[in-house]
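Novice: Show me the folded form of this:
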Amino acid sequence: MKSDARIMMTKRLLKEGLLHCLSKTPASRITVSELCKESGVNRATFYNHYETPIMLLREISYDYADKLKNIYYTAYYENPDNMEKATLKCLEYLYEKKEEVKTLFSPNAENSLRAFGMEIIRDTVEKDTLFYSGITEDNRDEVLLESVITASAAFSLIQIWLSEEINKTPQEVLDLLKKCFHKKLFQC
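Specialist: Reported below is the predicted structural model:
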């Protein structure tokens, strides 16, 4: 038990240190020495958990993606008729973590969060699209391609909202998403 707490603390320190390093240095140029100095963790301890700072960056992004999936599907399964509420919960979480998310969207982080975010939105839209009435074998590919375009545009809007300091609440962003995109995305 004590060992688990120590591991969690070490990983938290490394993640915080990496996010701080990313505020001034591109991920590909952050050295293990620089990261360890920033984190207050020795090199041997770093190597017990990660091979490179990039692997740590991927874990941070994956953790965000996993958390967002959990938030979305928990809210969605509470009320499958209300995708809007599930989407709002995700937007609220991102807004709460705005400073970290902004760093992960930055060029220094090589937009590591973007790939995971696009995957989440695409998967979610694709799954939900499959429930739409009127999908046939003939139009399935077109509907799925449309979902990829929608996912890309929605994620870009979210990225700009958080990265560019646009003064909108999560609810206002959701309202904009609803206005811009097919209403079926928010209703099953």
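Novice: list the helices and strands the longest helix seen in the chain packs on?
Specialist: The longest helix of the chain (DSSP state H) is helix 53-78. Applying 3 or more Cβ pairs under 8 Å, 6 or more residues apart in numbering; DSSP states H and E, we find helix 53-78 packed against helix 2-22, helix 32-39, helix 83-96, helix 98-105, helix 112-129. To be clear about C-beta, it is placed using only N, CA and C from the backbone, and glycine gets the same treatment.
Novice: so which of those gets nearest Tyr47?
Specialist: helix 32-39 (7.6 Å; Cβ to Cβ).
Novice: can you list contacts of the closest one?
Specialist: Defining contact as Cβ atoms under 8 Å, 6 or more residues apart in numbering, one finds that helix 32-39 is touched by 13-14, 16-18, 20-21, 25, 42-43, 45-47, 52-53, 56.
Novice: Next: stretch 9-19.
Specialist: By Cβ under 8 Å, 6+ apart, stretch 9-19 touches 30, 35-36, 38-41, 45-46, 49-50, 53, 56-57, 59-60, 100, 103-104.
Novice: average pLDDT for that stretch?
Specialist: Computed over stretch 9-19, the mean pLDDT rounds to 96.
Novice: Check which element follows the least confident helix or strand in the chain by mean pLDDT along the chain.
Specialist: Lowest on mean pLDDT, DSSP states H and E among the helices and strands of the chain sits helix 112-129, with a mean of 66. Of the helices and strands lying after helix 112-129 in sequence (DSSP states H and E), the nearest is helix 140-163.
Novice: Buried residues, that next one. List them.
Specialist: Ser147, Thr150, Ala151, Ala154, Phe155, Leu157, Ile158, Gln159, Trp161, Leu162, Ser163 (16 or more other Cβ atoms under 10 Å).
Novice: The next helix or strand after it: how far from the chain's middle?
Specialist: Next helix or strand after helix 140-163 toward the C-terminus (DSSP H and E): helix 170-180. Distance of helix 170-180 from its chain centroid, counting by Cα atoms, centre = their mean, to the nearest Å, is 18 Å.
Novice: what's the answer for stretch 50-67, then?
Specialist: 11 Å.
Novice: what is the mean pLDDT for it?
Specialist: What stretch 50-67 shows for mean pLDDT is 92.
Novice: what's that stretch in contact with?
Specialist: 14-15, 18-19, 21-22, 27-28, 30-32, 35, 49, 93, 97, 101, 104, 109-110, 112-113, 115-117, 119-120.
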